[in-house]
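Q: predicted coordinates and the sequence they were generated for:
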Number of protein chains: 2
Amino acid sequence: MSQRSFSAACCIIGDEILNGKTRDSNANYLAKYLFELGVDLKRIETIADDYEAIEETIKRLSSQHDLVFTSGGIGPTHDDITYAALAKAFNLPLKLDEETCIRMEKVSRAKFPDWSLTEERKRMAIFPEPSEKLRNLDDLWVPVVVVNKNVHVLPGIPRLFESLLDSLKPHFKALMGEHQSYHRVQIATKLQEGKIAPFLTELQEQCSSKHIKIGSYPNWGEGKDGARVVVSVVGKNEQDVNAIGDQIVQGIDGWITKGKL
Amino acid sequence: MSQRSFSAACCIIGDEILNGKTRDSNANYLAKYLFELGVDLKRIETIADDYEAIEETIKRLSSQHDLVFTSGGIGPTHDDITYAALAKAFNLPLKLDEETCIRMEKVSRAKFPDWSLTEERKRMAIFPEPSEKLRNLDDLWVPVVVVNKNVHVLPGIPRLFESLLDSLKPHFKALMGEHQSYHRVQIATKLQEGKIAPFLTELQEQCSSKHIKIGSYPNWGEGKDGARVVVSVVGKNEQDVNAIGDQIVQGIDGWITKGKL
């Protein structure tokens, strides 16, 4: 199996995150999702509902990463400009997608009998072309539109973002073939971070060639079980990760923990 | 008073956010803080504990924004490289700061009588020079180091990040002078987003010259009080914001709400 990793970037689009009205949860959901798939999430960028910001950011991220995920800005109101901004970014025309209209009408009428396909609602079915539409859920009309081959456009509403992402798991697994997922071991210790630093530095140097990353995260005061620091070991070879974890347990008078920081 | 706004960017540095181990809270704290100060947070970028990523990102953000804030990577272990990466980014030497050592020793000895200033701990007092050190708290030894005049280096531990940021409020208020803060009004409605879209689009066009931004945020299903959508109005002139808020209450059969999405 290859050690080569897919790289990914995430772009959260929304004024409401930048002005503090809303705390984003989608980036963290995506981070956990990609970690489990074995994809390297390299960066998360949060930007405004602004043409220039979306164009510059997505063009850059799309050229530098295997997969890009956007969240937000695909509703029916004036501040929803993600599809249009992506069309500008990649110099593509916008086109009404008939199949999406049919699905939107069917799902919405079932909930609101007097629902009708207004011009504003049609905006939610106008996509840059060419683009791929991934439809893996029967009860949601909104597709995951894939622009420029790697930019996956997702809605900002967390429940929709999460459902659609979950529905794409088989799609990404097929895409990645024999690709390995990540393993993580966490070790807690009562020692202070400054005391364990030399040991961890040396160990990280020893195991860098094995594609293993050791992280050190102090608690402020004492955490659960009196832990002052939690050390994390991440890598794709489960056996290697466990072996390094055991070495750290010995070296810093620690214990394996499942606890959060 | 001037309508000109200070712009800001935030850079969260940490593998633990990108691999999903930790959900960042510092960016949201900073977003609310800057909103209250009247500063425009333009983007948040989350990157790995990686020299190249830190250099590229901070150089770009520092050149494009009035204020930049970083979070994370300033502890004593091998994965804490923020100060060193900033020194590389701005081609500055690194220097041990005596005053920080003295404060670190004093505060740490009070808690741990056998504490000593090891080489690893000294790393936490080695800063790019020249840099400004803001010390507005007596009980915390870590200063906010300001590199390249606008990059404010803060720790990743949320309690420290928040305390230090709070301590800087007078500093930023003095910096900004007669600068105005933001006001926000939120209006909830039981109508669907697709129905209120034309009204909001027209109103946004009418009030753009007043530097007012109208955002529309749907609930998934029904929210509190049966609200399907929350509309937000943000601007620096309180009277204007309230007047537009009242217009929206009328126009979308809504009510003023303090509720979250």
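A: Now that the structure is in, tell me what you want to look at.

Q: and the stretch 151-261 of chain A, which residues reach chain B?
A: A:157-160, A:182, A:184, A:192-198, A:200-201, A:204, A:213-218, A:220, A:232, A:234, A:260-261 (C-beta under 8 Å from any C-beta of the partner chain). Glycine gets a C-beta too; all of them are placed from N, C-alpha and C.

Q: ok, of those, which come out buried?
A: Burial by neighbour count, judged by 16 or more other C-beta atoms under 10 Å in any protein chain shown, picks out A:157-158, A:160, A:182, A:184, A:192-197, A:200-201, A:204, A:213-218, A:232, A:234, A:261 from these.

Q: taking those one by one, which sit in strands?
A: Among these, the subset assigned to strands under DSSP state E consists of A:184, A:213-218, A:232, A:234.

Q: got those as TSV, with distance to residue A:173 columns?
A: TSV is the format used below for those (distance: C-beta to C-beta, whole Å):
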residue	distance to residue A:173
A:184	19
A:213	23
A:214	28
A:215	27
A:216	32
A:217	30
A:218	36
A:232	25
A:234	20
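
Q: okay, the residues you listed in TSV with pLDDT next?
A: As requested, these are exported to TSV (pLDDT from 0 to 100):
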residue	pLDDT
A:184	94
A:213	95
A:214	96
A:215	95
A:216	95
A:217	93
A:218	91
A:232	96
A:234	95
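
Q: in chain A, where is pLDDT below threshold?
A: Counting by pLDDT under 70, the low-confidence segments of chain A come to A:1-4, A:223-224, A:259-261.

Q: wait, what's in contact with the most centrally placed residue in it?
A: Centroid-nearest residue in chain A: residue A:30, 2.7 Å away (criterion: C-alpha atoms, centre = their mean). The contact partners of residue A:30, taken as C-beta atoms under 8 Å, 6 or more residues apart in numbering or on different chains, are A:10, A:41, A:69, A:71, A:165.

Q: what do you get if the cut-off is 7 Å, keeping everything else the same?
A: Applying C-beta atoms under 7 Å, 6 or more residues apart in numbering or on different chains to residue A:30 gives the contacts A:10, A:69, A:165.

Q: neighbour-wise, which one of these leads?
A: Most neighbours among the contacts of residue A:30, by other C-beta atoms under 10 Å in any protein chain shown: residue A:10, with 29 neighbours.

Q: correct me, but residue A:241 touches residue A:247?
A: No. In this structure residue A:241 lies outside contact range of residue A:247 using C-beta atoms under 7 Å: 10.9 Å.

Q: more neighbours, those two?
A: Each of residue A:241 and residue A:247 had its neighbours counted (other C-beta under 10 Å), and the higher figure belongs to residue A:241 (21 against 16).

Q: need the contact list for residue A:35.
A: With contacts defined as C-beta under 7 Å, 6+ apart, residue A:35 is in contact with A:182, B:19-20.

Q: follow-up on the earlier one: please narrow the contacts of residue A:30 to those residing in strands.
A: Short answer: the contacts of residue A:30 in strands (DSSP E) are A:10, A:69.

Q: what is the nearest of the contacts of residue A:30 to residue B:25?
A: Using C-beta to C-beta, residue A:10 is the member of the contacts of residue A:30 that sits closest to residue B:25, with 17.2 Å.

Q: and the strands in chain A?
A: A:7-13, A:40-47, A:67-71, A:94-96, A:126-128, A:131-134, A:144-147, A:151-154, A:183-189, A:213-218, A:229-235, A:254-256.

Q: direction included, what does the third one pair up with?
A: This points to strand A:67-71. Strands that pair with strand A:67-71, judged by DSSP bridges, come out as strand A:7-13 (parallel), strand A:151-154 (parallel).

Q: hmm, who's touching that strand?
A: Under the contact criterion C-beta under 7 Å, 6+ apart, strand A:67-71 has outside partners A:6, A:8-13, A:26, A:30, A:39, A:58, A:61-62, A:82, A:150-154, A:156, A:161.

Q: ok, the second one next?
A: Residues from elsewhere that reach strand A:40-47 (C-beta under 7 Å, 6+ apart): A:5-13, A:17-18, A:24, A:27, A:31, A:34, A:53-54, A:57, A:65, B:18, B:43-48.

Q: can I get that strand as CSV, trimmed to CA atoms?
A: Once non-C-alpha atoms are left out, strand A:40-47 reads as follows in CSV (Å, rounded to 0.1, in the frame of the first residue of the first chain):
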residue,chain,number,x,y,z
ASP,A,40,-4.2,15.1,4.9
LEU,A,41,-6.2,18.2,5.7
LYS,A,42,-3.6,20.9,5.1
ARG,A,43,-5.5,24.1,5.7
ILE,A,44,-8.8,25.6,6.6
GLU,A,45,-9.6,29.1,5.3
THR,A,46,-12.6,31.1,6.5
ILE,A,47,-13.6,33.9,4.2
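
Q: where along chain A do the helices fall?
A: Per DSSP state H, chain A carries helices over the ranges A:15-18, A:26-37, A:51-64, A:82-89, A:98-111, A:119-122, A:158-167, A:169-176, A:193-207, A:238-251.

Q: dump the strands paired with strand A:67-71 to CSV, plus distance to residue B:122.
A: Compiled in CSV, the strands paired with strand A:67-71 are given as follows (distance: least, C-beta to C-beta, whole Å):
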stretch, distance to residue B:122
strand A:7-13, 35
strand A:151-154, 45
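
Q: now the residue of chain A most remote from its centre: how far from chain B?
A: When distances are taken from the C-alpha mean of chain A, residue A:114 lies farthest, 36.7 Å away, according to C-alpha atoms, centre = their mean. In this structure, residue A:114 and chain B are 10 Å apart, going by C-beta to the nearest C-beta, to the nearest Å.

Q: quick one: that residue from residue A:7, how far?
A: 47 Å (C-beta to C-beta, to the nearest Å).

Q: check residue A:30 too.
A: Taking C-beta to C-beta as the measure, residue A:30 falls 13 Å from residue A:7.

Q: likewise residue A:187?
A: To residue A:7, residue A:187 is 27 Å away according to C-beta to C-beta.

Q: these two: who's more crowded?
A: With other C-beta under 10 Å as the criterion, residue A:187 and residue A:7 differ in neighbour count, and residue A:187 comes out ahead with 27 against 16.

Q: so what pairs up with that one in the strands?
A: Judged by DSSP bridges, the bridge partners of residue A:187 are residue A:231, residue A:256.

Q: what sits against it?
A: Residue A:187 makes contact with A:231, A:245, A:248-249, A:252, A:254-257, according to C-beta under 7 Å, 6+ apart.

Q: repeat for residue A:27
A: With contacts taken as C-beta under 7 Å, 6+ apart, residue A:27 has the following neighbours: A:10, A:12, A:44.

Q: so the second one touches residue A:23, yeah?
A: No. When contacts are counted by C-beta under 7 Å, residue A:12 is not listed as touching residue A:23 (11.0 Å).

Q: which one of those two has more residues nearby?
A: Per other C-beta under 10 Å, whichever of residue A:12 and residue A:23 has more neighbours is residue A:12, with 25 against 17.

Q: which residues outside stretch A:208-220 are in contact with it?
A: In this structure, residues lying in contact with stretch A:208-220 by C-beta under 7 Å, 6+ apart are A:3, A:193, A:200, A:203-204, A:227-237, A:240-241, A:244, A:261, B:15-16, B:75, B:77, B:79, B:157, B:159-160.

Q: now do the domain split for chain A, please.
A: Per the record's domain assignment (the TED database), chain A is made up of the domains A:7-176, A:184-257.

Q: could those domains go into a markdown table alongside distance to residue B:98?
A: As requested, the domains of chain A are exported to a markdown table (distance: least, C-beta to C-beta, whole Å):
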| stretch | distance to residue B:98 |
| --- | --- |
| domain A:7-176 | 36 |
| domain A:184-257 | 18 |
